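**Q** Build me a model from this:
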Amino acid sequence: MNEILHPAGWSPPIGYSNGIATAQGRIVFVAGQIGWNAQQRFETSDLAQQFEKALENIVAVLAEAGARPEHICRMTAYCTDKPEYLAARGGIGRAWRRIIGKHFPAMTMVFVTALLDEGAKIELEATAVVPPPA
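**A** Numbering: from 1, shown residues only. Predicted structure coming up:
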């Protein structure tokens, strides 16, 4: 079982955890996933919808390892447009709750000038720890 790390006296984080500790399990590293479909085509240029698809892609890769969204311990997001991200936070939050639920891993958000794939606005990478079988 993972332990959420929250130092005493700190304000609660919104939408992430400051840290997560785990004692044992299978570590799964998910490469950067962007908001395209299984045929590597973008269906939208909307940032919140690309975020949603990137999350779905993360969950699909995790499933291949027998992992679920609640096993994610760390996620890093790379976004090409800070004002657009801030404007899309409502849709991003709805997508998160639909796909990941109320689990909030340790997260880092980085704003970059571009991503490798033309049309990508956000890229997510994740690390999960799958607990050993009971």
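
**Q** Can you show me the helices along the chain?
**A** The residue ranges that make up the helices of the chain, judged by DSSP state H, are 47-64, 82-87, 89-99.

**Q** what's the most buried one of these?
**A** Comparing these by mean neighbour count (mean count of other C-beta atoms under 10 Å), helix 47-64 ranks first with a mean of 19. C-betas here are computed from N, CA, C, even on glycine.

**Q** contacts for that one?
**A** 28, 30-31, 33-37, 42-44, 68-69, 71-72, 75, 79, 81, 84-85, 88, 90-92, 94-96, 98-100, 120-124, 126, 128 (C-beta atoms under 8 Å, 6 or more residues apart in numbering).

**Q** how far out from the middle of the chain is stretch 28-37?
**A** With C-alpha atoms, centre = their mean, to the nearest Å as the basis, stretch 28-37 stands 9 Å off its chain's centre.

**Q** follow-up on the earlier one: and the helices of the chain as CSV, adding distance to Tyr16 and mean pLDDT?
**A** Compiled in CSV, those are given as follows (distance: least, C-beta to C-beta, whole Å; pLDDT from 0 to 100):
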stretch, distance to Tyr16, mean pLDDT
helix 47-64, 14, 97
helix 82-87, 14, 98
helix 89-99, 10, 98
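
**Q** Between those, which one is closest to Phe111.
**A** Phe111 sits nearest to helix 82-87 of all these, at 4.8 Å, using C-beta to C-beta.

**Q** so what secondary structure elements neighbour that closest one?
**A** Where contact means 3 or more C-beta pairs under 8 Å, 6 or more residues apart in numbering; DSSP states H and E, helix 82-87 is packed against strand 106-111.

**Q** which parts of the strand it packs on are buried?
**A** Judged by neighbour count using 16 or more other C-beta atoms under 10 Å, the buried positions of strand 106-111 are Ala106, Met107.
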